[in-house]
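Student: When you get a sec, could you give me coordinates for this:
(2 chains)
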Number of protein chains: 2
Amino acid sequence: MKFRVQQNELNKHLNIAQRGISNRSTLQILEGILIEAKDNKLKLTSTDLEISIETTLDANVIEEGKVVINSRIIGDIVKKLPNDEVFFDIVNNKVNIKCQKSDFNIISNPGDDYPELPIVIETSKFDIPQNILKTAIRQTSFTTSQDESRAVLTGVLFEIEDGILTFVSLDGYRLSMRKENIGVKESLKLIVPARVLNELNKIIEDNDEPISLAIANGQIIFTLKDTVIYSKLLEGQFFNYKDIVRTNHNTTVLVNRKNLLDSLERASLLAREQRANLVKLSITDDYLSIKSNSEIGDVFEEIELIKKDGEDVNIAFNSRYLMDGIRVIDSDEIELNFVSSLNPCIMRAKDDEKYIYLVLPVRLAQDDF
Amino acid sequence: MKFRVQQNELNKHLNIAQRGISNRSTLQILEGILIEAKDNKLKLTSTDLEISIETTLDANVIEEGKVVINSRIIGDIVKKLPNDEVFFDIVNNKVNIKCQKSDFNIISNPGDDYPELPIVIETSKFDIPQNILKTAIRQTSFTTSQDESRAVLTGVLFEIEDGILTFVSLDGYRLSMRKENIGVKESLKLIVPARVLNELNKIIEDNDEPISLAIANGQIIFTLKDTVIYSKLLEGQFFNYKDIVRTNHNTTVLVNRKNLLDSLERASLLAREQRANLVKLSITDDYLSIKSNSEIGDVFEEIELIKKDGEDVNIAFNSRYLMDGIRVIDSDEIELNFVSSLNPCIMRAKDDEKYIYLVLPVRLAQDDF
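Tutor: Numbering: from 1, shown residues only, chains lettered A, B, ... in the order given. The predicted model follows:
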């Protein structure tokens, strides 16, 4: 097996393939990247059996073949080589890598030892712009649960109904939901592991080039120009989120997003001294005030309301959960909706129906405000 | 005690004072910063009893006084406040901080509880440009020892003789030495803890404004425009470094610094798999070659010599120690000097007598090259 390839191209594609390598792999062969040289192309494959990545680049293939090389070692070597042509010559399990005056010999595993990826039979397929998927992942993947015993909550629901693709996730304390009109006719409902989406988000770019999503037997396949990412779907029934997201509110206020975030960050400096990060919000006619106290002191913050509809409300939150939501809402002004001190707060960007973030309050007696 | 002060100024000076706070302090009061308000100035003081910092800024002092506030808490609060006037009002141990619509109440300790810094009687004093001190610290503080049982090796020797200030440190494996002609007449010899120099280096700037160095009873005092840093000196006899640094060599080569560093970094990728980071250098007529091998493979690197005087040499090193030295030498071309495979290598920038870096070889039989 022999080929020549440009250092920067190989480095770029190794970085992509490395996203499919798990740190906690127990199978030694899965710490490697499968490199297949054929028809003047290199195909790099990585998998941890949950996510699989295939990425392809041009090369000058002199002798076809396949080999498995440790991901970290090949990645480190190629990253440090000068940007010039790199020559690979693999005989049995010895890999010789030459570039300018550098000459490496490293050991490898036979390509035949690499596990076969399951054959995928696609049942439906549609395209969306990469930046739409990127935003949806950023706004929803962080509200998934880390608790492996509630597997469906470790993923993001992708649901298509009436041409609308809805991304939803919830972790028992907050819920995030993004809707996009993609004009696809079919209906579907599947749960994609958040871990896979977070790796995917490092690969896809922030432009409107299409990414293709295909559904197969228990898998979702994301296809970019030269890269394919396969992910297992999570099995189980997703929470009936539509019952949680109500649309009638008793109080709706509009505030400056940056002022709200700055005030919460300051209030959290003292709140974080206690475990619950507790902050108390009070909405009166013209102001939203934030109070927090702990052993080391107390803080009072006041933010002018841009607009208020409805009743005054006193309500308490874990400040971290509030800030997480505000940080992913891209808007100068933010709308907060309340029913009572016992019901969730629903946040959204002003005049934007596409994304909502819902957070449960911490129950406090009214005397405690 | 009452004062008004600009947020960005207070933030800047708190950052300076925080460098005197130790993470491993056992005295609770030393986790605080002493704030003294007097004559429309604020003086911030911190100490861990090894290093002490005093930094002064303008303020509008309405009522004089002093107070100790936890360094992390006051630092975090001030950093997050908007850049506007901040009002402090301290009554007993309660500190009220107001800025725009933010209102904090935190607890404090009485200023009288703060330890008195020892009175300093200066015996000699001279100025040097800040950037000269900054470069000397960067080039010498990293070759100090971490071993507290050999206290003098945890510091950098400052020696003045015949108008030359020499900075020297060594850790048993390598030595670095910087000389600067400062034209001072007196002679002195003292050892400054590397930890203090590293903190100092984050405070001083990379320009030729003067910093004043004063020597007192067992202390060195660095004075900048509005900041004074006191450090204890290390007691003991410094190693007789002049005997180590020889000037007659059997081999002298000149190489491109970047090529040498890149090649060593690549060779280290395999070398680091073994504990000693062992790399073998061979100098022949036109090339310096680097070899390294470990369980996972081997690497061979070749660098063209720009110039060579003297004999061929085979010599082995811990690659990390070689790279550390190359990284702090500011020059396109680097000179390497050898006596034999058993003697140290001395590196310097081409045509620069001010700085040398000396590193001990790893002893190998000649058959092992």
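Student: Now do the same contact list for A:K189.
Tutor: A:K189 sits next to A:L157, A:F158, A:E159, A:I160, A:F238 when contact means C-beta atoms under 8 Å, 6 or more residues apart in numbering or on different chains. Heads up, the C-betas are built off the backbone N, CA and C, glycines and all.
Student: Check it and give its pLDDT.
Tutor: Looking at A:K189, its pLDDT reads 94.
Student: How about the residues of the stretch 1-150 of chain A by chain B?
Tutor: Proximity of the stretch 1-150 of chain A to chain B, by C-beta under 8 Å from any C-beta of the partner chain, involves residues A:70, A:73, A:76-77, A:80-82, A:95, A:101-107.
Student: Just the buried ones from those residues?
Tutor: Buried members of the residues of the stretch 1-150 of chain A next to chain B, counted by 16 or more other C-beta atoms under 10 Å in any protein chain shown: A:70, A:73, A:76-77, A:80-81, A:95, A:101-106.
Student: show me where the stretch 201-350 of chain A has strands.
Tutor: Assigned by DSSP state E, counting those that start in this stretch, the stretch 201-350 of chain A shows strands spanning A:210-216, A:219-223, A:227-232, A:251-256, A:278-283, A:287-294, A:297-304, A:307-310, A:313-318, A:333-338, A:345-349.
Student: of all those, which lies closest to B:D312?
Tutor: Among the strands of the stretch 201-350 of chain A, strand A:227-232 comes nearest to B:D312, with 49.5 Å by C-beta to C-beta.
Student: so of the residues of the stretch 1-150 of chain A next to chain B, which ones are in helices?
Tutor: Judged by DSSP state H, the residues of the stretch 1-150 of chain A next to chain B include A:I73, A:D76, A:I77, A:K80 as members of helices.
Student: could those go into TSV alongside pLDDT?
Tutor: What follows is those, written out as TSV (pLDDT from 0 to 100):
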residue	pLDDT
A:I73	94
A:D76	95
A:I77	96
A:K80	96
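Student: how about these in CSV, adding distance to B:K125?
Tutor: As requested, those are arranged in CSV below (distance: C-beta to C-beta, whole Å):
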residue, distance to B:K125
A:I73, 56
A:D76, 51
A:I77, 54
A:K80, 48
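Student: Spatially nearest residue to the residue in the stretch 201-350 of chain A positioned nearest to chain B (excluding sequence neighbours)?
Tutor: Residue nearest to chain B within the stretch 201-350 of chain A: A:G297 (3.4 Å; C-beta to the nearest C-beta). In space, and not counting its chain neighbours, A:G297 is closest to B:I106: 3.4 Å by C-beta to C-beta, 6 or more residues apart in numbering or on different chains.
Student: so what's that neighbour up against?
Tutor: Per C-beta under 8 Å, 6+ apart, neighbours of B:I106: A:L270, A:I296, A:G297, B:I69, B:N70, B:I73, B:I74, B:I77, B:K94, B:V95, B:I97.
Student: what's the answer for A:V339, then?
Tutor: By C-beta under 8 Å, 6+ apart, the contact set of A:V339 is A:R246, A:N248, A:H249, A:N250, A:T251.
Student: Can you give me the distance of it to B:R178?
Tutor: Distance, A:V339 to B:R178, using C-beta to C-beta, to the nearest Å: 69 Å.
Student: cool, A:A267 as well?
Tutor: Separation of A:A267 from B:R178 (C-beta to C-beta): 49 Å.
Student: The two: who's more crowded?
Tutor: When A:A267 and B:R178 are compared for neighbours, A:A267 comes out ahead with 30 against 22, by other C-beta atoms under 10 Å in any protein chain shown.
Student: okay but A:P129 is in contact with A:S212, surely?
Tutor: No: counting by C-beta atoms under 8 Å, A:P129 does not reach A:S212; the two are 11.2 Å apart.
Student: who's the nearest residue to A:F87 once chain neighbours are set aside bridged to?
Tutor: Once flanking residues are discounted, A:F87 sits nearest to A:K98: 4.5 Å by C-beta to C-beta, 6+ apart. Beta-bridge pairing of A:K98, defined through DSSP bridges, involves A:F87, A:D103.
Student: contacting residues around A:K98?
Tutor: Contact analysis of A:K98 by C-beta under 8 Å, 6+ apart lists A:V86, A:F87, A:D89, A:F104.
Student: So A:A349 sits against A:L336, correct?
Tutor: No: between A:A349 and A:L336 there is no contact under C-beta under 8 Å: 11.4 Å.
Student: Comparing the two, which residue is more hemmed in?
Tutor: Between A:A349 and A:L336, A:L336 has the larger neighbour count (other C-beta under 10 Å), namely 26 against 19.
Student: Now the terminal residues of stretch A:186-196, how far apart.
Tutor: Stretch A:186-196 has an end-to-end distance of 24 Å (C-alpha to C-alpha, to the nearest Å).
Student: Show me what counts as buried in it.
Tutor: A:L188, A:L190, A:I191, A:V192, A:P193, A:A194, A:R195, A:V196.
Student: Now do the contacts for the fourth one.
Tutor: In this case it means A:V192. Residues in contact with A:V192 (C-beta under 8 Å, 6+ apart) are A:G155, A:V156, A:F158, A:I220, A:S231, A:L233, A:L234.
Student: What separation do you get for A:Y355 and chain B?
Tutor: Going from A:Y355 to chain B by C-beta to the nearest C-beta, to the nearest Å gives 27 Å.
Student: burial count for that residue?
Tutor: As a burial measure, A:Y355 scores 23 neighbours (other C-beta under 10 Å).
Student: what's the answer for the one 5 residues further on, then?
Tutor: Burial of A:L360 is recorded as 18 neighbouring residues (other C-beta under 10 Å).
Student: my read: it touches A:I346, true?
Tutor: No: the pair A:L360 and A:I346 does not pass the contact test of C-beta under 8 Å, sitting 10.9 Å apart.
Student: pLDDT score assigned to the closest residue to chain B within the stretch 51-200 of chain A?
Tutor: Distances between the stretch 51-200 of chain A and chain B by C-beta to the nearest C-beta are smallest at A:I106, namely 3.4 Å. On the pLDDT scale, A:I106 is placed at 96.
Student: Which members of the buried residues of stretch A:186-196 are the farthest-apart pair?
Tutor: By the measure C-beta to C-beta, A:L188 and A:R195 form the most distant pair in these, at 21.2 Å.
Student: Could I get the buried residue list for the helix or strand hosting A:L157?
Tutor: Applying DSSP states H and E as the criterion places A:L157 in strand A:155-161. Of the residues in strand A:155-161, A:G155, A:V156, A:L157, A:F158, A:E159, A:I160 count as buried by neighbour count, 16+ other C-beta under 10 Å.
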